[in-house]
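Visitor: Model the structure of this input:
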Amino acid sequence: MDLKTVAALFLTSILSISITGQTKPRARDLGVPFDGRAGAFNAITDVKGVEVGYATLVSGSGKSAVRTGITAILPQGRNYVGRLFAAWHTLNGNGEMTGTTWIEESGAFGGPVMITNTHSVGIVRDAVIEWGARRPSKGGYSGDFSLPVVAETWDGFLNDINGFHIKKEHVFAALDTAKSGAIAEGNVGGGTGMVAHQFKAGTGTASRILTKENGGYTIGVLVQANYGARRLLKIAGVPVGKEITDLLPAEGKADTDSGSIIVIVATDAPLLSHQLKRVVTRVSLGIGLMGGLGGNSSGDIFLAFSIANAAEASKDTGITNIAALPNEKINPLFEATVQATEEAIVNALIAAETMTGYNGNKVYALPHDRLKTTLKKYNRLVETPVK
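Guide: Numbers count the residues shown, from 1 in each chain. Prediction:
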């Protein structure tokens with residue numbers, strides 16, 4: 001590897017570290033109203049042990065514009081052992097999430113979840129396997145090690161997607177810089193070059209804490225939003241897309257429900273795989289509140305996992321003793337998933353900044369002042385924002 005490449009990778013790693021804890025206005029800061037109580041960080045990292053890391057690649061211009069990256073979600077941190085119960089769902093399947101066949105078969109998975117651009121799934125998948133192979137052995141082969149979860153959305157409007165700029169070192173950087181606590185949103189990680197409802201979007205996150213009467217469980221959501229038509233965009237029930245009809249991308253980014261969205265749901269509620277399947281399907285309702293339809297060319301793919309029962313899910317001998325929430329108690333988790341999904345998408349739109357990328361294509365950020373004016377027009381603006 002030449003010195004130029006080494007320097008570029010080093011700068012990417014530094015950017016990944018510095019950007020992870022960066023703070024920007026979020027939807028609640030602007031007075032967007034939401035139902036439900038958010039966790040301390042209002043992020044997927046409110047679920048104990050979950051860590052998130054990014055590698056963000058931004059360089060060049062014109063046909064050499066690089067606007068892409070990788071998001072790494074570590075359900076049990078970098079020192080994970082064993083498996084977690086999990087389930088996946090697709091609203092529309094014009095997309096990819098590797099590892100889902102084994103999740104469907106076994107009801108569980110082990111290891112990180114990665115999100116990147118469409119043409120980098122292969123190298124990210126291979127790099128995750130190599131990263132895992134370097135870890136100390138933790139026991140027998142389960143199928144999880146060689147079948148990592150890697151999802152994608154298409155960033156070719158802003159990124160030189162056929163330049164294949166993501167390398168395995170970038171994957172390692174995203175994994176090795178993952179952390180808990182507050183995480184950055186918008187133009188970061190896999191969300192760097194993404195567009196939603198014809199506004200700049202990308203990575204967003206949110207969480208909900210259930211009441212003590214409902215178990216006090218946490219639901220955390222992270223999205224990579226790259227879907228939707230402007231005319232359909234709604235925020236807090238307000239038809240924002242019909243009120244802000246300018247600031248459109250250059251010709252070639254049609255006002256149709258195309259693109260994709262990846263949604264990862266984490267919880268500490270003791271749910272089995274069939275219950276997580278029920279939870280993860282409710283992600284679609286949160287997207288629907290925003291105006292997403294799961295259009296024909298959209299890849300809308302979701303994964304849910306529970307950190308509860310980790311030891312039992314990993315047993316390969318004896319009889320397991322699994323705690324499970326009764327189905328009659330699951331409705332609050334459905335509601336929390338819908339709420340957190342909606343807010344995570346709005347947070348992605350609020351945090352994203354205007355970007356010019358591949359071939360000079362430009363995508364504008366959702367203007368905060370006009371959003372507030374629109375919410376006020378419909379009597380939906382919270383004058384004293386609630387954190």
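Visitor: now the strands for the chain?
Guide: Remark: strands assigned in the chain by DSSP state E are 51-59, 66-74, 84-93, 108-109, 113-117, 149-153, 195-196, 199-200, 202-209, 218-227, 259-267, 298-306, 355-356, 362-363.
Visitor: Ok, which of the ones you listed comes nearest residue 274?
Guide: Taking CB to CB, strand 84-93 is the member of these nearest to residue 274, at 7.4 Å. In this view, the C-beta of every residue, glycine as well, is placed from N, C-alpha and C.
Visitor: okay, and for this protein, where does confidence drop off?
Guide: Scanning the chain for pLDDT under 70 picks out 1-23, 137-143, 251-255, 386-387.
Visitor: Counting neighbours, what do you get for residue 165?
Guide: Look at residue 165: counted by other CB atoms under 10 Å, it has 22 neighbours.
Visitor: so what's it closest to, chain neighbours aside?
Guide: Nearest residue to residue 165, sequence neighbours excluded (CB to CB, 6 or more residues apart in numbering): residue 66, at 4.9 Å.
Visitor: still on that earlier bit, the strands of the chain: which one's closest to residue 161?
Guide: Evaluated over those, closeness to residue 161 peaks at strand 113-117, with 5.8 Å, by CB to CB.
Visitor: List of residues touching that closest one?
Guide: Defining contact as CB atoms under 8 Å, 6 or more residues apart in numbering, one finds that strand 113-117 is touched by 68-75, 124-125, 128, 148-156, 159, 161, 166, 171, 174, 189-191, 193, 224, 262, 264, 303.
Visitor: how deep is the residue nearest to residue 232 when sequence neighbours are not counted tucked in, by neighbour count?
Guide: In space, and not counting its chain neighbours, residue 232 is closest to residue 291: 3.4 Å by CB to CB, 6+ apart. The tally of other residues near residue 291 (other CB under 10 Å) stands at 22.
Visitor: Phi first, then psi, for residue 291.
Guide: When read as degrees, to the nearest 10, the backbone of residue 291 gives phi 110, psi 10.
Visitor: what residues are up against it?
Guide: With CB under 8 Å, 6+ apart, residue 291 has these contacts: 197, 228, 229, 232, 233, 234, 241.
Visitor: Most neighbours among those residues, which one?
Guide: Using other CB under 10 Å as the neighbour test, the contacts of residue 291 are led by residue 228, with 29 neighbours.
Visitor: Next, give phi and psi for that one.
Guide: According to degrees, to the nearest 10, residue 228 has phi 90, psi 150.
Visitor: what's the spacing between it and residue 258?
Guide: The gap separating residue 228 from residue 258 is 8 Å, by CB to CB, to the nearest Å.
Visitor: thinking again about what came up before, let me know the distance separating the residue nearest to residue 165 from residue 102.
Guide: From residue 66 to residue 102 the distance is 32 Å (CB to CB).
Visitor: between the two, who's got more neighbours?
Guide: Neighbour count, other CB under 10 Å: between residue 66 and residue 102, residue 66 has more, with 22 against 19.
Visitor: If the more buried one is in a bridge, with which residues?
Guide: residue 59 (DSSP bridges).
Visitor: wait, isn't it in contact with residue 167?
Guide: No. Counting by CB atoms under 8 Å, residue 66 does not reach residue 167; the two are 11.6 Å apart.
Visitor: can you pull the contacts of the nearest residue to residue 353 once chain neighbours are set aside?
Guide: Nearest residue to residue 353, sequence neighbours excluded (CB to CB, 6+ apart): residue 365, at 5.2 Å. For residue 365, the contact set (CB under 8 Å, 6+ apart) comprises 199, 200, 352, 353, 354.
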